[in-house]
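**Q** Sequence first, then the predicted structure, then my questions.
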Amino acid sequence: MSRIQVHLKAHSVEEARRFYCEDLGLFALHQDYGMDTVSLVFERNPNVFLILSAGSPPGSEDYAFALEVEDCGGLFDQLRAKPFVTGGRILSEEVFEYPLGKNFLLRDPSGNRFLIFREDV
């Protein structure tokens, strides 16, 4: 089975891990490699991983990756209702709807942007 790995730099690997695993609740710790590098597995698809390592993110305004979920609007409402203790945040004021789906944009504590989406194709 093929796996997808997204590599992200983080100012604090532990803070980034807490954001993706606790604040969002979408990932779980898969492996701690030591030397400030961990892998997280997407709980909704065991073939998708985030590899977090210490360093400075590229600082791009583009999103680094996108995750498809079953209920984009429901997840948006759920995340808006709880505080993020790590400094990450939802950047979208509301779910953006377009003819083929929905999405919203987030930023992790290190500034990495990513998209949550649902396509209705």
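**A** Great, that's in hand.
**Q** Beyond the lengthiest helix in the chain, next helix or strand please.
**A** As assigned by DSSP state H, the longest helix anywhere in the chain is helix 72-80. Downstream of helix 72-80, the first helix or strand assigned by DSSP states H and E is strand 89-90.
**Q** What are the contacting residues of that following strand?
**A** 76, 79-80, 104-107 (Cβ atoms under 8 Å, 6 or more residues apart in numbering). All C-beta atoms are positioned from the backbone trio N, CA, C, and that covers glycine.
**Q** redo that, cut-off 6 Å
**A** 79, 106-107 (Cβ atoms under 6 Å, 6 or more residues apart in numbering).
**Q** Among those residues, name the buried ones.
**A** Neighbour counting by 16 or more other Cβ atoms under 10 Å classes 79, 106-107 among these as buried.
**Q** would you turn the residues you listed into TSV with pLDDT and distance to residue 113?
**A** Below are those laid out as TSV (pLDDT from 0 to 100; distance: Cβ to Cβ, whole Å):
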residue	pLDDT	distance to residue 113
79	97	15
106	98	7
107	97	5
